[in-house]
Every structure is written in structure tokens, then in C-alpha cells.
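>>> Model the structure of this input:
(2 chains)
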Number of protein chains: 2
Amino acid sequence: MEELIEKVNWEKNNGIVPVIVQDTKGEVLTLAYMNKEALKKTLETGYAHYYSRSQKRIRMKGEVSGNVQKVKEIKIDCDSDALLLIVEPKGPACHTGNYSCFYRKLGEPEKVEGGIDYSLTILRELEEL
Amino acid sequence: MEELIEKVNWEKNNGIVPVIVQDTKGEVLTLAYMNKEALKKTLETGYAHYYSRSQKRIRMKGEVSGNVQKVKEIKIDCDSDALLLIVEPKGPACHTGNYSCFYRKLGEPEKVEGGIDYSLTILRELEEL
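Model prediction:
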């Protein structure tokens, strides 16, 4: 297990990495954080443990609410500084009671007619140099 | 547009927020970052712009490779310090050429037989206090 834990680049962000949490149907539930110990506990138990940056401690997700997350798969990104957990959630992920923490739209981007000519964007950037 | 940008809690993480990037089919492509200006450019153009922490500058995703990401939806999480972008990617998201940056499994968690008795976990934590 140590071998798996050492695959993560812990140095880059002061010992913690962001963790995208997604359910098995593809819905993104939350963005959480882990330190080494949280990942170790997750691997040991099969249930998601996160590092709370505000409380500065590890919590098993759902330890009080019962809304635990059973981990089906853990993926690591190309530069080893972010994780993706595929979980089976027992109940909502969000403290508001919503299934996902991302239950609000920020707003639609302005409409783009046809494609964007990004060669122009590069030219504009070069002009600014 | 300023109104939308100000919905984000920029103070919490020194002016940048993590951004989960997901395609319209539900596959998570990458974890990126934005500052205010990157979000502004994204909203203005409809194409994803991220803040590169290593280069300390904003880049339109795909500005050189052509692998741009057309933004379909932007969501914000419950405590307003993380974003979720739903995009239509033109080409791979990862600099390795992989479709997603999360193309590697870290390893399966150890098997859990039946459910876990998390009341015991809490008891153990209390014992440790």
C-alpha cells in the first residue's frame, strides 16, 4: 500500500492533494482533499476519508451523518497531483442535503457563433508581448 | 458578468480556485485552476481558459494544440470555492495525448466484506482522544 501512496506527488501542495469525487453514473459529487493518512485510511477500509483543511484533521466521509462513500476505483492524473475517486455514495454528498455539492449553475457562457478562430487569439497575444 | 465572477470565493485560496473539467458524457478530463481573469475570459469567449500555476499566466486551453474546450455549463459548489465545467472537448485534454488526464488507476481499494460498522470507527476515535 505504501507503494501506491508514494505514487502521489505530495510535495507540490504542502502534503495535500485535491480529490474529485464522482459516482458510478458519472455525476461529480464534490471536490475534497486528502493527505497521505487520509489516502491510507481510504485504501485500508474501502471507504472515503478526506482531510478537512478547516478542521485540520481526517474525517471518514459520513462518519456522523452515515452518508459514507464506498470507493470503487481511484485514479491519478498525469502529473500525479490530483486524484479521482469513483464512489458508491450512501446518501447525499453535500452538507446542504443535496446529492452533489455542485447543485448550482454559475451561469451559461455567452453564446459563441460558429467556431472561434483561435489563431487570432494567439496573434493578439503575440501583439501584446 | 462581474456579478457571476463575484459569486466565487476568491479569497479562500489566494485568488485561484480548482476547476473540475468534465465532458458532456460525464467523463472527468482534468483538474485545472482559474483566477478571476481566466473565468472572465471563459465567460466572454465560451472557451475554457485556465490559470497555469507553474507559468503564472492564463492560457486558453488548446491555444497552441488546437484542443480547445467549448464550455456548455459552469457549476459552483456549495461553499463557492470550486467550479465544475461541462465542456465539449476538441481533441484530448491531456498533454500526454490521452483523452483524460485521469488515465491511470492508482489501485483498487482493499475489499470490504459487507458493510462497515462506522459506529465502531467513531468509538475508536473517541477512545483515542
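>>> what's near enough to touch A:Asp79?
By Cβ atoms under 8 Å, 6 or more residues apart in numbering or on different chains, the residues touching A:Asp79 are A:Asn9, B:Cys101. Any C-beta I mention is one placed from the backbone N, CA and C, and that applies to glycine too.
>>> Ignore what I typed, I meant A:Leu85.
Contacts of A:Leu85 (Cβ under 8 Å, 6+ apart): A:Val19, A:Ile20, A:Val21, A:Gln22, A:Thr42, A:Ala48, A:Gln69, A:Val71, A:Glu73, A:Ile74, A:Lys75.
>>> Go through the host helix or strand of it and flag the buried ones.
According to DSSP states H and E, A:Leu85 maps onto strand A:83-89. By 16 or more other Cβ atoms under 10 Å in any protein chain shown, the buried positions in strand A:83-89 come out as A:Leu83, A:Leu84, A:Leu85, A:Ile86, A:Val87, A:Pro89.
>>> coming back round to it: sort out which of the contacts of A:Leu85 are buried, if you could.
Among the contacts of A:Leu85, those classed as buried by 16+ other Cβ under 10 Å are A:Val19, A:Ile20, A:Val21, A:Gln22, A:Thr42, A:Ala48, A:Gln69, A:Val71, A:Ile74, A:Lys75.
>>> I'd like the residues you listed as JSON lines, with secondary structure, distance to B:Arg57 and pLDDT appended.
Shown next, in JSON lines, are these (DSSP: H, G, I helix; E, B strand; the rest coil; distance: Cβ to Cβ, whole Å; pLDDT from 0 to 100):
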{"residue": "A:Val19", "secondary structure": "strand", "distance to B:Arg57": "26", "pLDDT": "98"}
{"residue": "A:Ile20", "secondary structure": "strand", "distance to B:Arg57": "24", "pLDDT": "98"}
{"residue": "A:Val21", "secondary structure": "strand", "distance to B:Arg57": "29", "pLDDT": "98"}
{"residue": "A:Gln22", "secondary structure": "strand", "distance to B:Arg57": "29", "pLDDT": "98"}
{"residue": "A:Thr42", "secondary structure": "helix", "distance to B:Arg57": "35", "pLDDT": "97"}
{"residue": "A:Ala48", "secondary structure": "coil", "distance to B:Arg57": "34", "pLDDT": "98"}
{"residue": "A:Gln69", "secondary structure": "strand", "distance to B:Arg57": "36", "pLDDT": "98"}
{"residue": "A:Val71", "secondary structure": "strand", "distance to B:Arg57": "36", "pLDDT": "97"}
{"residue": "A:Ile74", "secondary structure": "strand", "distance to B:Arg57": "32", "pLDDT": "96"}
{"residue": "A:Lys75", "secondary structure": "strand", "distance to B:Arg57": "28", "pLDDT": "97"}
